[in-house]
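Peer 1: Just a sequence and a predicted model for now, questions to come.
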Amino acid sequence: QVQLVESGGGLVQAGGSLRLSCAASGRTFRSYAMGWFRQAPGKLREFVAVIDFSGQNTYYEDSVKGRFTISRDNAKNVVYLQMTSLKPEDTAVYYCAADSIPYRTRTNPTYYNDWGQGTQVTVSS
């Protein structure tokens, strides 16, 4: 099990940028693939991006490709989500999550056992 704490959310104008961070506890961070998900009011939680244990393999939801970048620092036990060219439709609570199969880049949230508390991202038009 890993404990996750997100930070970096906030209010930004359309076209702006934010970098989310997710700090993980424990010494087994490299044992997990890490994903970012988001949930807007009245909507289901949706996949945003995932990175495998090595950091070499990533996958993105179509609407964020070319705008968002997921990365990780295994020495610091942190995963990042750099978000640029933000749009009002990106407004949501963003969650990081850990998948115990480290070499997979899965998009289904049911595969992720550990979740952070979420951080709010609001993009104004």
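Peer 2: Looks like it came in fine.

Peer 1: contacts and neighbour counts: CA atoms only from here.
Peer 2: OK.

Peer 1: Can you show me the CA trace of stretch 89-98 as CSV?
Peer 2: Extracted C-alpha coordinates of stretch 89-98, given in CSV (Å, rounded to 0.1, in the frame of the first residue of the first chain):
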residue,chain,number,x,y,z
GLU,A,89,-13.4,21.7,-19.8
ASP,A,90,-10.2,20.7,-17.9
THR,A,91,-11.9,21.9,-14.7
ALA,A,92,-12.1,19.0,-12.3
VAL,A,93,-10.7,17.4,-9.2
TYR,A,94,-7.5,15.7,-10.2
TYR,A,95,-6.4,12.5,-8.4
CYS,A,96,-3.3,10.5,-8.6
ALA,A,97,-3.4,6.7,-8.2
ALA,A,98,-1.1,3.8,-7.9
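
Peer 1: Just the buried positions in it, please.
Peer 2: By 16 or more other C-alpha atoms under 10 Å, the buried positions in stretch 89-98 come out as 90-98.

Peer 1: what do you get for stretch 104-115?
Peer 2: Within stretch 104-115, judged by 16+ other C-alpha under 10 Å, the buried ones are 104-107, 109, 112, 115.

Peer 1: need those in a markdown table with pLDDT, can you?
Peer 2: Listed next are those as a markdown table, based on pLDDT from 0 to 100:
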| residue | pLDDT |
| --- | --- |
| Arg104 | 94 |
| Thr105 | 96 |
| Arg106 | 97 |
| Thr107 | 97 |
| Pro109 | 96 |
| Tyr112 | 97 |
| Trp115 | 97 |
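
Peer 1: closest to Thr122 among the residues you listed?
Peer 2: Distance to Thr122, by C-alpha to C-alpha, is smallest for Trp115 among these, at 20.4 Å.

Peer 1: check which helix or strand covers the most centrally placed residue in the chain.
Peer 2: Centroid-nearest residue in the chain: Trp36, 2.3 Å away (criterion: C-alpha atoms, centre = their mean). Using DSSP states H and E, Trp36 maps to strand 33-39.

Peer 1: Who are the packing partners of that strand?
Peer 2: The contact analysis (3 or more C-alpha pairs under 8 Å, 6 or more residues apart in numbering; DSSP states H and E) places strand 33-39 against strand 46-51, strand 92-99.
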